[in-house]
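1. Sequence first, predicted coordinates after that:
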Amino acid sequence: MTGILPTYQRFVNGVPVPSISRRSFRIREKYLIVSVLLTFGIVWLGALFYLPEFKSSSSVNDSVYNVYKRIQKAGPELLMPPPLAQNDVGDFPVVGIVRHGEEGDDPHIVEDRNRLKAKIDEDMGMKVLERPQFDVAPSVSSSRGPSKPPVDAIEEPAVRNFAAKDASPAGPKPDGSNRYVAVAIGPNADPDQKQKLETVKEMMRHAWNNYKLYAWGKNELKPISKRAHLSSVFGSGEMGATIVDGLDTLYVMGLTDEFREGRDWIAEHFNINEIDSELSVFETTIRFVGGLLSCYALTGDTIFRDKAAEVADALLPAFETPTGLPYALINPSTKASRQYHWAGPNSILSELGTLHLEFSYLSDVTGREVYRNKVDKIREVLYNIEKPGDLYPNFINPRTGQWGQRHISLGALGDSFYEYLLKAWLASNRGDEQARTMFDTAMQAALDKMLRVSPSGLAYLAELKYGRVIEEKMDHLSCFAGGMFALAATTLENSLSERYMDVARKLTHTCHESYFRSETKLGPEAFRFSNAVEARAQKSNEKVYILRPETFESYFIMWRLTKEQKYRDWGWEAVQALEKHCRVEGGYTGLTNVYHQNPQGDDVQQSYFLAETLKYLYLLFSDDSLLSLDEWVFNTEAHPLPIKGKNPLYRMASTPVPIEDNRV
Ligand code: DMJ
């Protein structure tokens, strides 16, 4: 009561007693509370802006953005309790992205989102070659302030292809004028071809725009439930897998605005060292290192090279084994490595054998030998080891250097190891002869022991265990082999070439049959051969289509190398099937059963759909000069890497790029 003055008299038993005005007390109390709160607020805000991190900020926008980032990092629970989806417990939206159907809570977000959606709808309906503008991007640009101008992003619309003769073989010109300029077709192109190209380009925009709308910065999109896919191969972290994987496709299609926003996200937000979860060394290499290196080759923008090196550096501790063969998984924060539980002590052939292109090229563009040393060591082990029947089993123990179970496949667990032997030779401008020899020796054995022909004459690649065919089935994954054998046939004229091309044609035909024999005209995950069925899935887990690219990859390579119209026709059938069954309002979904007329979606838009599936379909309808096979080799995720000595965009480092402290 001290300090509160009486304002009128009260009487108790006729005696005046000092009284306190309740009214006056409340007003004074309020003033006091308000001024204490105000003072506290001012001091708190002031302190925030004097934190070291804020001191270095160049603008208020940066500061505000950092506060936003901190809140976002703390997780959505800080602001609201995590909502639980009925069928996806624990999978909740990030701050600023509202789950479809729940947006009524925040009218600003709803408004932003409706405007963006209206814009996308409008873009989708218009002539697809026009570039979309995104002035409003809920949870992305609207809340983050102006982004920094790109260091060296593309400025001009595509006008011509980069011609080898136009550039100095020494590497990029200092003014950046030797960026790759992607042109899909010449001015006098057939209108039908042009319309097909435009269709595929519009598909890319639909996939990208919806990812941007509902899952920006997360790894993948759930296109039916319209939110982030948190259990993707890279988990729930903010690695932007769809951005990094899809970026070179945007570039090749001339989608420059989208490319720029992806590039800026990578520059500002992609930081592998902040990821505290286990990543696959293989997947991270083919999608992230490969994707970033392609963008570097295409643009010369050094942010891509430097980010690629950061990613590879984060993977290097996984190679610290007695043999140098890497473990399968690594946590970039803790640097702890381990194997998949289901593989016991073993590493997987297709994983450790599919790093060579990316790591070798990274050494050349950074001038640091550390990356090449890692993959050379793997090669040495595999070259020297005893090989059962000239083939390579799928499992190998990195501690002992001994094979695990003798299961051999050109599908899952084996596939891209063989692909990379051929492509390491191609990427080195045919200098890596060891790789080509290993490829030819293994392929002769594979064709002798694994190539089978069904009763009606369909060729397929079966799997072996201890030298015997164990299952008369072929994985969708193996459908890349048509393209691989065709590349092998046309790049080395020898006694094997004719056989390789024959096998290439037959395998591509079989893969097309697996598509054609389904109700959706999309191919199953695996298909079997018996007297009763041919090129059809039997088990329910084989009947899915998860937006895979391998069959279209073979159509593309076969078209480029043979010019037989059927490959383009088959690709167009696939485009129509994707549009009919996989396209939903929120992007593209995989299917749970390709044999249903109206199949259910699996609600996942895989990042490789943007990196590979749409890129290969686009290239199928483009002119040969777009990413010419004479100058580029595609990594197993369809990221083009330049051929050394042949492609002036190789961008060999003249001096090593400085090494950071955290390098291994
Ligand atoms: C992609 O990530 C790569 O093509 C990989 O080599 C195999 N699987 C997927 C696509 O199906």
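-> Sure, I can see it.

2. C-alpha from now on. contacts and neighbour counts both.
-> Noted.

3. So the nearest residue to residue 559 once chain neighbours are set aside: helix, strand or coil?
-> Leaving aside its sequence neighbours, residue 559 sits nearest to residue 567 (Cα to Cα, 6 or more residues apart in numbering; 5.6 Å). When classified by DSSP: H, G, I helix; E, B strand; the rest coil, residue 567 comes out as helix.

4. wait, isn't residue 567 in contact with residue 560?
-> No: using Cα atoms under 8 Å, residue 567 makes no contact with residue 560, being 9.4 Å away.

5. coming back round to it: contact partners for the residue nearest to residue 559?
-> 555, 556, 558, 559 (Cα atoms under 8 Å, 6 or more residues apart in numbering).

6. Quick one: those residues as JSON lines, columns for neighbour count and secondary structure too.
-> Shown next, in JSON lines, are these (neighbours: other Cα atoms under 10 Å; DSSP: H, G, I helix; E, B strand; the rest coil):
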{"residue": "555", "neighbour count": "30", "secondary structure": "helix"}
{"residue": "556", "neighbour count": "24", "secondary structure": "helix"}
{"residue": "558", "neighbour count": "27", "secondary structure": "helix"}
{"residue": "559", "neighbour count": "21", "secondary structure": "helix"}
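
7. wait, which of those residues is closest to residue 243?
-> residue 556 (23.5 Å; Cα to Cα).

8. Can you give me every residue that contacts the closest one?
-> Counting by Cα under 8 Å, 6+ apart, residue 556 has contacts 483, 567, 568, 616, 617, 619, 620.

9. Helix or strand with the lowest mean pLDDT in the chain?
-> Ranked by mean pLDDT, DSSP states H and E, the weakest helix or strand in the chain is helix 141-144, scoring a mean of 28.

10. Could you grab the helix/strand/coil label for the residue nearest the centre of the chain?
-> Compute the mean C-alpha point of the chain, and by Cα atoms, centre = their mean the closest residue is residue 245, 2.8 Å away. Look at residue 245: counting by three-state DSSP, its state is helix.

11. Now do it against the ligand, distance only.
-> Using Cα to the nearest ligand atom, to the nearest Å, one gets 10 Å for the distance from residue 245 to the ligand.

12. Please apply the same query to residue 362.
-> Taking Cα to the nearest ligand atom, one finds residue 362 at 19 Å from the ligand.

13. For that residue, I want the exact helix or strand it lies within.
-> Assigned by DSSP states H and E, residue 362 belongs to helix 356-366.

14. For that helix, give me every contacting residue.
-> Residues outside helix 356-366 that contact it (Cα under 8 Å, 6+ apart) are 285-286, 289-290, 293, 305, 308-309, 312, 368-372, 374-376, 420, 423-424, 427, 635, 650-653, 655-657.

15. Report the next helix or strand after that helix in sequence order.
-> Scanning forward in sequence from helix 356-366 by DSSP H and E, the next helix or strand is helix 370-384.

16. what distance separates the helix or strand following that following helix from the centre of its chain?
-> The helix or strand immediately downstream of helix 370-384 is strand 395-396, counting by DSSP H and E. Chain-centre distance of strand 395-396: 26 Å, with Cα atoms, centre = their mean, to the nearest Å.

17. where does residue 598 land in three-state SS?
-> coil.

18. for residue 221, which residues make a bridge with it?
-> residue 228, residue 605 (DSSP bridges).

19. distance of it from the ligand?
-> Counting by Cα to the nearest ligand atom - residue 221 and the ligand are separated by 16 Å.

20. go on, residue 411?
-> Using Cα to the nearest ligand atom, we find residue 411 at a distance of 9 Å from the ligand.

21. Isn't that residue up against residue 477?
-> Yes: here residue 411 reaches residue 477: they are 5.2 Å apart, a contact under Cα under 8 Å.

22. How about residue 461, nearest residue that isn't a chain neighbour?
-> residue 451 is the one closest to residue 461 (Cα to Cα, 6+ apart), at 4.7 Å.

23. The one you found: neighbouring residues, count only.
-> Using other Cα atoms under 10 Å, residue 451 has 16 neighbouring residues.

24. That one and the ligand, how far apart?
-> For residue 451, the distance to the ligand - Cα to the nearest ligand atom - is 21 Å.

25. quick one: average pLDDT of the helix holding residue 362?
-> Mean per-residue pLDDT for helix 356-366: 98.

26. same deal with stretch 627-635?
-> 98.

27. buried ones in it?
-> For stretch 627-635, burial by neighbour count (16 or more other Cα atoms under 10 Å) applies to 627, 628, 629, 631, 632, 633, 634, 635.

28. Show me which pair in the residues you listed is furthest apart.
-> Greatest spacing in the buried residues of stretch 627-635, by Cα to Cα: 628 and 635 (14.1 Å).

29. okay, whichever residue of the stretch 401-550 of the chain sits closest to the ligand: pLDDT?
-> Nearest to the ligand in the stretch 401-550 of the chain, going by Cα to the nearest ligand atom, is residue 548, at a distance of 4.5 Å. Residue 548 carries a pLDDT value of 98.

30. Over to it. Which of the three states is it?
-> coil.

31. Going forward, count from 28.
-> All right, first residue 28 from here; so that's residue 575.

32. Give me the phi and psi for it.
-> The phi/psi pair for residue 575 (degrees, to the nearest 10) reads phi -70, psi 150.

33. ok, now which ones touch it?
-> 503, 504, 635, 636, 640.

34. where along the stretch 328-477 of the chain do the helices fall?
-> Assigned by DSSP state H, counting those that start in this stretch, the stretch 328-477 of the chain shows helices spanning 329-342, 376-379, 383-393, 397-411, 442-454, 460-476.

35. so which of those gets nearest residue 566?
-> helix 442-454 (21.9 Å).

36. what angle separates the closest one from helix 460-476?
-> For helix 442-454 against helix 460-476, the angle by axes from the mean of the first three to the mean of the last three Cα atoms, to 10 degrees is 140 degrees.

37. so helix 442-454 versus helix 383-393, what angle?
-> Using the same axes, to 10 degrees, helix 442-454 lies at 40 degrees relative to helix 383-393.

38. Show me what helix 442-454 is packed up against.
-> helix 376-379, helix 383-393, helix 460-476, helix 508-518, strand 659-661 (3 or more Cα pairs under 8 Å, 6 or more residues apart in numbering; DSSP states H and E).

39. what's next to it, contact-wise?
-> So helix 442-454 is contacted by 376-381, 383-384, 436-437, 458-460, 462-463, 465-466, 469, 504-505, 508, 511, 515, 659-660, 662-663, 668-671 (Cα under 8 Å, 6+ apart).

40. could you redo the last one with a cut-off of 6 Å?
-> 377, 380, 381, 384, 459, 462, 463, 466, 670 (Cα atoms under 6 Å, 6 or more residues apart in numbering).

41. per-residue pLDDT, residue 43?
-> For residue 43, the predicted pLDDT is 39.

42. same deal with residue 117?
-> For residue 117, pLDDT reads 26.

43. Check which element follows the least confident helix or strand of the chain along the chain.
-> Next element after helix 168-171 (DSSP H and E): helix 218-242.
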